[in-house]
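**Student:** sharing a sequence plus its predicted fold:
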Amino acid sequence: MAVIALLIAAGGAIVVQNLLMADVASGASTPIIPLALNSVVGLTLLTALLAVRSGTAGFGELAATFGWRGLVPGLLGTFFVFASLLGYQRLGAGTTVAVLVASQLVGGLMVDAVRSGGARLDAAALAGAALLVAGTLLVAMRA
C-alpha cells in the first residue's frame, strides 16, 4: 500500500513539476532552459544523497557503472520530460497526462506480456487498457 501512495504522490508531483517548467519555459528563449534547471537540481540532490549514503565509495561505484546501459535511461528520461513540457505548453495538462498515461499503460502491458510469455495479459487488462485509451481519445479530442 505504501508503494501505491508513493506512486499517487509522484503522479501529482509530475503535474506540478510540468506546470512550473512550462511557466519557466514561457519566459525563456528555449525549452532547454527549464530542462537544464530540472537536471541540475536533480543531479545536485542525487549527488548529495549519494555522498551522504555511501561517501566516496558511492562515487567509485557510479564511475564503474558508467556505460551505455547507464546513459540510455537518462536520455529517455530527458526525452520524456521534454515531451511532457511541450505537451503542457501546446495541449494542456489534461491531454498531455492522458496521452502519457495511456501510452505508458499500453507499453507496460506489452513488456509484461513479453516477459511473462503472455501470462500477464488477460481480458481484464486488455479491457482496462481499451477503456483508458478510449478515455484518452475523448480527452484529446477537446484539445
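**Tutor:** Okay, I see it.

**Student:** what comes up buried for whichever strand or helix holds Leu131?
**Tutor:** Here Leu131 sits within helix 123-141, counting by DSSP states H and E. Neighbour counts over helix 123-141 (16 or more other CB atoms under 10 Å) mark Ala129, Leu132, Val133, Thr136, Val139, Ala140 as buried. Glycine gets a C-beta too; all of them are placed from N, C-alpha and C.

**Student:** assign Phe66 to helix, strand or coil.
**Tutor:** Under DSSP: H, G, I helix; E, B strand; the rest coil, Phe66 falls in the coil class.

**Student:** neighbours of it, how many?
**Tutor:** Neighbourhood size, Phe66 [other CB atoms under 10 Å]: 9.

**Student:** again with Leu109
**Tutor:** Around Leu109 sit 16 other residues, with neighbours defined as other CB under 10 Å.

**Student:** distance from whichever strand or helix holds Phe82 to the middle of the chain?
**Tutor:** Using DSSP H and E, Phe82 sits in helix 68-90. Going by CA atoms, centre = their mean, to the nearest Å, the spacing between the C-alpha centre of helix 68-90 and its chain's C-alpha centre is 7 Å.

**Student:** just checking, what packs against whichever helix or strand comes after that helix?
**Tutor:** Remark: after helix 68-90, the chain's next helix or strand is helix 93-116, criterion DSSP H and E. On a contact count with 3 or more CB pairs under 8 Å, 6 or more residues apart in numbering; DSSP states H and E, helix 93-116 meets helix 2-26, helix 68-90, helix 123-141.
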